[in-house]
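In: using only what follows, build the 3D model:
(2 chains)
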Amino acid sequence: MASIDTGGGDSGKKGPGVKKAKKLSTRVDMTPMVDLGFLLITFFIFTATMSTPKAMNLLMPKDVNDPKKQNEAKESGALTIMLGKGDMIYYYFGQLKVDAGENNFKQTTFKGIRQIIIDKRKDVMSRYTPDADDSRCKDMQETAKKKGDPDWQNACLDKDFVVIIKPDPDSNYKNMVDILDEMTINQVKTYAIVQILPQEYDLIKATEQSSGIK
Amino acid sequence: MASVKIQKKSTDTDMTPFVDIAFLILTFFIMATKFKPQEPVEAQIPSSVSSEELPENDAVMVLIDSTNRVFFSVLSEKDKTVPDQIITKVNELRSLNLTPAEIQNFRKTTAVGVPFSKLGALLDTDPMEQNAGAGQPGIPVLDSTDNQLQTWIRAAKEVYAGMGKGLKYLVKGDGAAKYPTIEAVISAFKKNDQMKFNLVTSLETAPPGSALDLLNRRLPVTDAK
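Out: Below is the predicted model:
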């Protein structure tokens, strides 16, 4: 220890003329050492990479040019989400309709999209009708069971729910990751990143212009 | 009146336990710190709820910075011959005529962000100086007829297939990178029949009450049909 008591035990009698050695304190001033210690601690705290980056899986579908082999999404269960400039989201259910009478092209933000996904999923689940061939349904239940989902029996209720993600050329990487993350958060089982159609992009650009999004 | 004598106490405190603790914490931080691997450019990675660990070995990383430049790097700490094999493969595929010295230099290069026409020049420079990513224009990907990243991925894929090992593909992008570049990077993977890859993200917690949160806590969704 730094401060060892050296006093006491000086019982040996010395003869006359023997000079008593001056006792020096062995107490060391620890303050600079503490200073240095904390300086180093601060340095290591700052440089420490506590939050190590994580990996997010992304599985892309193979490009199929033959339309017959392409997966078809049921119109009633499809939600198309388009990502635009300035963190804006545009979406429509089923087929895009932009006639004067019927317009289902809507605009929202990343905050609002979650509720839309949840509502649409519930809507699809409420209209669930079992298929004649239930092998796909069994697979979905099996996957859910493996994940430890207590609701695994209901796993195939949303089998027709498909989210189609179309990032436009003005959107950024963060938007894409955020929307993929939203799929994980809401446990959307079927989703795909698809190239945006020119018609949709034009519509987004027109909306952006009229609402002044830069 | 007798005055009360106040005993003078020393203000000197014993610093020893304090020092003990300080150095204990210091030791912990020294042990726990892992220095960030050197990267050519800084990328502000987006966050996601994914909690999968990032592979550190047997992986190739495609880095996209905020100005849409694309970099390619090989993560192989254990086996230093892997980068040599990959660059040799690239050399063959593109008939670049790189010199053996240039090929040797590749393993010290943290990331490549130049078109093939300038690869020789990059590998001629000292690795200590080329690390400044600022001077590199990025691998050209946007031209769909000459997506050069495709060659890099093909080379890596063939080398790892030759060794019989699995290879992980990482995409680390800056949140501000524009989508066309990301799409071009994805298409470079797709053209190599590589449909599965990982996006590097930082961790964020699942929003409470969401479907994922309920699944993680093994709670049933109460209001579902």
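In: so where's the chain uncertain?
Out: Using chain A. For chain A, applying pLDDT under 70 flags the ranges A:1-19, A:49-51, A:64-73, A:132, A:214.
In: chain B was what I was after
Out: B:1-3, B:35-38, B:127-134, B:221-225.
In: what segments of it are strands?
Out: Shown for chain B, the strands assigned by DSSP state E span residues B:47-48, B:52-53, B:59-64, B:70-75, B:168-173, B:196-203.
In: thought B:Thr201 was touching A:Ala55?
Out: Yes: at 7.5 Å, B:Thr201 and A:Ala55 qualify as touching, with contact defined as C-beta atoms under 8 Å. Just so you know, the C-beta spots here come from the backbone N, C-alpha and C atoms, and that holds for glycine as well.
In: who has more neighbours, these two?
Out: B:Thr201 (27 against 22; other C-beta atoms under 10 Å in any protein chain shown).
In: would you quantify the distance from the most centrally placed residue in chain A to B:Ser48?
Out: In chain A, the centroid-proximal residue (C-alpha atoms, centre = their mean) is A:Asp181; its distance is 4.6 Å. Using C-beta to C-beta, to the nearest Å, one gets 4 Å for the distance from A:Asp181 to B:Ser48.
In: for B:Phe116, same thing?
Out: Taken as C-beta to C-beta, the span from B:Phe116 to B:Ser48 is 33 Å.
In: which of these two has more neighbours?
Out: For B:Phe116 versus B:Ser48, the count of surrounding residues by other C-beta under 10 Å is larger for B:Ser48: 23 against 19.
In: surely the more buried one meets A:Glu182?
Out: No: if you go by C-beta under 8 Å, B:Ser48 and A:Glu182 don't touch, sitting 9.7 Å apart.
In: overlap of the contact sets of A:Asp181 and B:Ser48?
Out: Common contact partners of A:Asp181 and B:Ser48 (C-beta atoms under 8 Å, 6 or more residues apart in numbering or on different chains): A:Met56, B:Thr201, B:Glu204.
In: which among those gets closest to B:Tyr160?
Out: Distance to B:Tyr160, by C-beta to C-beta, is smallest for A:Met56 among those, at 21.5 Å.
In: can you give me the end-to-end span of stretch A:126-138?
Out: End-to-end span of stretch A:126-138 (C-alpha to C-alpha, to the nearest Å): 19 Å.
In: all strands of chain A, in order?
Out: Taking DSSP E as the test, the strands found in chain A are A:54-59, A:78-83, A:88-93, A:106-109, A:162-167, A:190-193.
In: dump those into a markdown table; add distance to chain B as well.
Out: A markdown table is the format used below for these (distance: least, C-beta to the nearest C-beta, whole Å):
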| stretch | distance to chain B |
| --- | --- |
| strand A:54-59 | 4 |
| strand A:78-83 | 7 |
| strand A:88-93 | 13 |
| strand A:106-109 | 15 |
| strand A:162-167 | 4 |
| strand A:190-193 | 8 |
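In: burial-wise, tell me which of these comes out on top.
Out: Among those, the stretch with the highest mean neighbour count (mean count of other C-beta atoms under 10 Å in any protein chain shown) is strand A:78-83, at a mean of 24.
In: in terms of secondary structure, what does that strand contact?
Out: Counting contacts by 3 or more C-beta pairs under 8 Å, 6 or more residues apart in numbering or on different chains; DSSP states H and E, strand A:78-83 packs against strand A:88-93, helix A:110-126, strand A:162-167, helix A:173-185.
In: A:Asp35 is nearest to which of those?
Out: Here helix A:173-185 is closest among the helices and strands packed on strand A:78-83 (C-beta to C-beta), at 42.3 Å.
In: burial measure for A:Leu157, as a count.
Out: For A:Leu157, the neighbour count with other C-beta under 10 Å is 21.
In: just give the nearest non-adjacent residue to it, would you?
Out: Spatially, and ignoring its direct neighbours in sequence, A:Leu157 is nearest to A:Met125 (4.3 Å; C-beta to C-beta, 6 or more residues apart in numbering or on different chains).
In: A:Lys159 is in contact with that neighbour, correct?
Out: No: the pair A:Met125 / A:Lys159 is not scored as a contact, 9.4 Å apart, by C-beta under 8 Å.
In: measure B:Arg154 to A:Ile113 for me?
Out: Going from B:Arg154 to A:Ile113 by C-beta to C-beta gives 37 Å.
In: same question, B:Gln148
Out: 35 Å.
In: the two: which has the busier surroundings?
Out: B:Gln148 (23 against 19).
In: show me what contacts that one?
Out: If you count contacts by C-beta under 8 Å, 6+ apart, B:Gln148 has them with B:Pro115, B:Phe116, B:Ile139, B:Pro140, B:Val141.
In: now, the most widely separated pair of those?
Out: The farthest-apart pair in these, when distances are taken by C-beta to C-beta, is B:Phe116 and B:Val141, at 12.5 Å.
In: so how far is stretch B:95-110 off the chain centroid?
Out: 22 Å (C-alpha atoms, centre = their mean, to the nearest Å).
In: can I get the CA coordinates of it in PDB?
Out: Taking Å, rounded to 0.1, in the frame of the first residue of the first chain, the C-alpha atoms of stretch B:95-110 are listed here in PDB:
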ATOM      1  CA  SER B  95      -6.900  -9.100 -68.200                       C
ATOM      2  CA  LEU B  96      -5.500  -6.100 -66.300                       C
ATOM      3  CA  ASN B  97      -1.800  -7.200 -66.600                       C
ATOM      4  CA  LEU B  98      -1.000  -6.300 -63.000                       C
ATOM      5  CA  THR B  99       2.600  -6.900 -61.900                       C
ATOM      6  CA  PRO B 100       3.300  -9.400 -59.100                       C
ATOM      7  CA  ALA B 101       4.300  -6.500 -56.900                       C
ATOM      8  CA  GLU B 102       0.900  -4.800 -57.400                       C
ATOM      9  CA  ILE B 103      -0.900  -8.100 -56.600                       C
ATOM     10  CA  GLN B 104       1.200  -8.400 -53.400                       C
ATOM     11  CA  ASN B 105       0.200  -4.900 -52.500                       C
ATOM     12  CA  PHE B 106      -3.600  -5.600 -52.600                       C
ATOM     13  CA  ARG B 107      -3.600  -7.400 -49.200                       C
ATOM     14  CA  LYS B 108      -2.500  -4.200 -47.500                       C
ATOM     15  CA  THR B 109      -5.100  -2.100 -49.300                       C
ATOM     16  CA  THR B 110      -8.000  -1.600 -47.000                       C
END
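In: no further queries at this time; thank you.
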